[in-house]
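Peer 1: Got a predicted structure here, sequence first:
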Amino acid sequence: MDNVDIKEKIMSALKEKVSRQQWEHWFIDFYVKRVEGTHVVFEVGNLFLKGYIEKKFDKVIKKAIAEAVSQGATYEIVYAQIVNPENFEDEVPENVALVRKKPVLITPLNPKYRFDNFVVDEFNQFAYNLLLEAAKKPGTYNPIFIYSEAGMGKTHLVQAYGNYLLSQNPDLRFAYLTSESFMNELITKLKSGNMEEFRERYRKKIDVLVIDDIQFLAGKKGVQIELFHTFNTLYEAGKQIIVCSDRSPKELKDFQDRVISRFQMGVVAQIKTPSQEAMYKIAKKVVDDEKADIDDGILRYVAAHIRGSIRILKGAVIKLIAYKSMYGELNISIVKSILRDVLTEDTSTSSEGDIVDVIAKTFKTTKDDILSGSRDRNTSLARQVCMYFMVKKYGLSTRKVGEIFNKTHPSVINSVKSIEKKLENEKDFALLLRSIEKELQKSVGKAYS
Ligand SMILES: Nc1ncnc2c1ncn2[C@@H]1O[C@H](COP(=O)(O)OP(=O)(O)OP(=O)(O)O)[C@@H](O)[C@H]1O
């Protein structure tokens, strides 16, 4: 049998085993590229289809090649890549899937949003894994619903997913839009009598549809209906759908039940609230990416006191970087002043607690004794050392330190002075304080003197 015959035989064996609808949806752009003995290499014009076909039709393909080639024949699917889009000729070599002359990027993506600059921690691990997996094995999870409070990384993550997919397959038609722009376009097309154009665009010309801020469609019944049909058509055609929202599907108010149940059909992932440590990691990443240098202690302070989202944290860190590059100096009082709108008034009890912990260990006493006002000499000294570090190294006000230890303002000042005097006069004590400082750098963050 010559090569053309065997290719045809494989394709007709396959065609017999699937429904007409499946054939039209999935195999219209699917070819036998070559047959190497008992190994068949299929080619598909789109990476997304590749993943889906491998997953859904593996058994069927194996049966078809067992029949057409031989029992136990193996296969692989490759996807057509554009070798050089500029030199694309009208004449297409036999059995090579048609590739378009230009990438069909429906929405420009921000190249800054990538997986490799997305900080992953417990709060976003699941959503990150899900989208990374979806990018590497297209078609595995569909639809995907991602929700979080504003500014917690949904857009970054879905655009990283888009950038990754497009790097693998520039021919992919990736549409990223907010539900508001979907609605606005729908209204415009409705008014101008171009609904067909709208439907053609959103139902037939898209491989991946990402709709952001879906909550905006609450109560907008007509748009929900259009979205529902768009969703169904794309889903049936095996196209990837990702929906982003500020709340879970269950919490979406004034949405038709059938729309909500579509959202729940696939995988729902929440990006939760980042821990202080995760906020610190993100702040550090911003500094590293900007090739800047901001004291670790300051970053920890900001991470612990920021009011709000990752977006706000990033903005705050960028502000600090700009300030430092202009004035060269940055300390805690400056930080408090330039970030006063976004920092919480309250100082972080957890880092203060950590300072007391570290010092309690060094003095072989306990945190409770230090905080309870025990008059034991060793514990009193430890308490004074705590006050010294908090005021002198961590920039806390003497008023705040007084509140923590239940001491008057002058008493805090006296304690700090007495530690400074001891430092000057006692070499061993100075060494001890240096070792405490090192310990604090590890567990609380660098001090800023
Ligand atoms: N895990 C992360 N690592 C690094 N940067 C992050 C991370 N999460 C969010 N960011 C950054 O925080 C900013 C806000 O994120 P993004 O716009 O993705 O949030 P969002 O959840 O889509 O917000 P909204 O709901 O307002 O659309 C962006 O600059 C983004 O790069």
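Peer 2: Done, it's in. Residues are numbered from 1 along each chain as shown.
Peer 1: now the strands for the stretch 101-250 of the chain?
Peer 2: 144-147, 174-178, 208-212, 240-245 (DSSP state E, counting those that start in this stretch).
Peer 1: Make JSON lines from these and add mean neighbour count, distance to residue 185 and mean pLDDT to it.
Peer 2: Any C-beta I mention is one placed from the backbone N, CA and C, and that applies to glycine too. Converted to JSON lines, the strands of the stretch 101-250 of the chain look like this (neighbours: other C-beta atoms under 10 Å; distance: least, C-beta to C-beta, whole Å; pLDDT from 0 to 100):
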{"stretch": "strand 144-147", "mean neighbour count": "24", "distance to residue 185": "22", "mean pLDDT": "95"}
{"stretch": "strand 174-178", "mean neighbour count": "21", "distance to residue 185": "8", "mean pLDDT": "89"}
{"stretch": "strand 208-212", "mean neighbour count": "25", "distance to residue 185": "12", "mean pLDDT": "92"}
{"stretch": "strand 240-245", "mean neighbour count": "24", "distance to residue 185": "17", "mean pLDDT": "95"}
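Peer 1: Make CSV from those strands and add distance to the ligand to it.
Peer 2: What follows is the strands of the stretch 101-250 of the chain, written out as CSV (distance: least, C-beta to the nearest ligand atom, whole Å):
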stretch, distance to the ligand
strand 144-147, 9
strand 174-178, 8
strand 208-212, 6
strand 240-245, 7
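Peer 1: could those strands be laid out in TSV, adding distance to residue 7?
Peer 2: Below are the strands of the stretch 101-250 of the chain laid out as TSV (distance: least, C-beta to C-beta, whole Å):
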stretch	distance to residue 7
strand 144-147	36
strand 174-178	31
strand 208-212	30
strand 240-245	29
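Peer 1: which one of those strands lies closest to residue 426?
Peer 2: strand 144-147 (57.7 Å; C-beta to C-beta).
Peer 1: Just checking: what are the partner strands of that closest one?
Peer 2: strand 240-245 (parallel), strand 267-270 (parallel) (DSSP bridges).
Peer 1: Give me the residues contacting it.
Peer 2: Contacts with strand 144-147, where a contact means C-beta atoms under 8 Å, 6 or more residues apart in numbering, come from 127, 130-131, 134, 154, 157-158, 240-249, 263-264, 266-271.
Peer 1: again with stretch 284-302
Peer 2: Stretch 284-302 is touched from outside by 117, 119, 280, 283, 313-314, 316-318, 320-321, 324-325, 330-332, 335, 339, 343, 348, 351, 394-395, 441, 444-448, with contacts defined as C-beta under 8 Å, 6+ apart.
Peer 1: what do you get for stretch 191-204?
Peer 2: With C-beta under 8 Å, 6+ apart as the test, stretch 191-204 has contacts from 175, 182, 185, 186, 189, 190, 209, 229, 230, 233, 234.
Peer 1: Could you measure from residue 257 over to the ligand?
Peer 2: Distance, residue 257 to the ligand, using C-beta to the nearest ligand atom, to the nearest Å: 24 Å.
Peer 1: cool, residue 358 as well?
Peer 2: 29 Å.
Peer 1: Pull the distance from the host helix or strand of that residue to the chain's centre.
Peer 2: In this structure, residue 358 sits in helix 349-362 according to DSSP states H and E. How far helix 349-362 lies from its chain's middle: 33 Å, per C-alpha atoms, centre = their mean, to the nearest Å.
Peer 1: Residue 280 should be in a strand, yeah?
Peer 2: No. With DSSP: H, G, I helix; E, B strand; the rest coil as the criterion, residue 280 is located in helix rather than a strand.
Peer 1: Now do the contacts for it.
Peer 2: Counted by C-beta under 8 Å, 6+ apart, residue 280 has contacts 299, 300, 303, 304, 445.
Peer 1: Which positions in the stretch 101-250 of the chain make contact with the ligand?
Peer 2: 118, 119, 124, 148, 150, 151, 152, 153, 154, 155, 156, 246 (C-beta under 6 Å from any ligand atom).
Peer 1: Name the nearest residue to the third one, sequence neighbours excluded.
Peer 2: So the one you mean is residue 124. Distances taken as C-beta to C-beta, 6 or more residues apart in numbering place residue 271 nearest to residue 124, at 4.7 Å, with adjacent residues excluded.
Peer 1: ok, now the fourth one?
Peer 2: Of all residues beyond its chain neighbours, the one nearest residue 148 is residue 271 (3.5 Å), with distances taken as C-beta to C-beta, 6+ apart.
Peer 1: wait, doesn't the one you found sit right on residue 152?
Peer 2: Yes. Using C-beta atoms under 8 Å, residue 271 is in contact with residue 152, at 4.8 Å.
Peer 1: tally of neighbours for the residue in the stretch 151-300 of the chain positioned nearest to the ligand?
Peer 2: Nearest residue of the stretch 151-300 of the chain to the ligand: residue 153, at 2.7 Å (C-beta to the nearest ligand atom). Neighbours of residue 153 under the rule other C-beta atoms under 10 Å: 24.
Peer 1: Could you check the pLDDT of it?
Peer 2: Looking at residue 153, its pLDDT is 96.
Peer 1: Next, the contact list for it, please.
Peer 2: 118, 124, 127, 271, 310.
Peer 1: about what we covered before: and the contacts of stretch 191-204, which are buried?
Peer 2: Taking 16 or more other C-beta atoms under 10 Å as the criterion, what is buried in the contacts of stretch 191-204 is 175, 182, 185, 186, 189, 209, 230, 234.
Peer 1: Hmm, residue 223 and the fourth one touching each other?
Peer 2: Spelled out, it's residue 186. Yes. If you go by C-beta under 8 Å, residue 186 and residue 223 touch, sitting 6.1 Å apart.
Peer 1: one step back: using JSON lines, please lay out the contacts of residue 153 together with pLDDT.
Peer 2: Below are the contacts of residue 153 laid out as JSON lines (pLDDT from 0 to 100):
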{"residue": "118", "pLDDT": "96"}
{"residue": "124", "pLDDT": "95"}
{"residue": "127", "pLDDT": "95"}
{"residue": "271", "pLDDT": "94"}
{"residue": "310", "pLDDT": "94"}
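Peer 1: quick revisit: need the contact list for the residue nearest to residue 124.
Peer 2: Contacts of residue 271 by C-beta under 8 Å, 6+ apart are 123, 124, 127, 146, 147, 148, 152, 153, 154, 157.
Peer 1: For those, could you give me a markdown table that also reports distance to residue 365?
Peer 2: Below are the contacts of residue 271 laid out as a markdown table (distance: C-beta to C-beta, whole Å):
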| residue | distance to residue 365 |
| --- | --- |
| 123 | 35 |
| 124 | 40 |
| 127 | 44 |
| 146 | 48 |
| 147 | 47 |
| 148 | 43 |
| 152 | 41 |
| 153 | 43 |
| 154 | 47 |
| 157 | 47 |
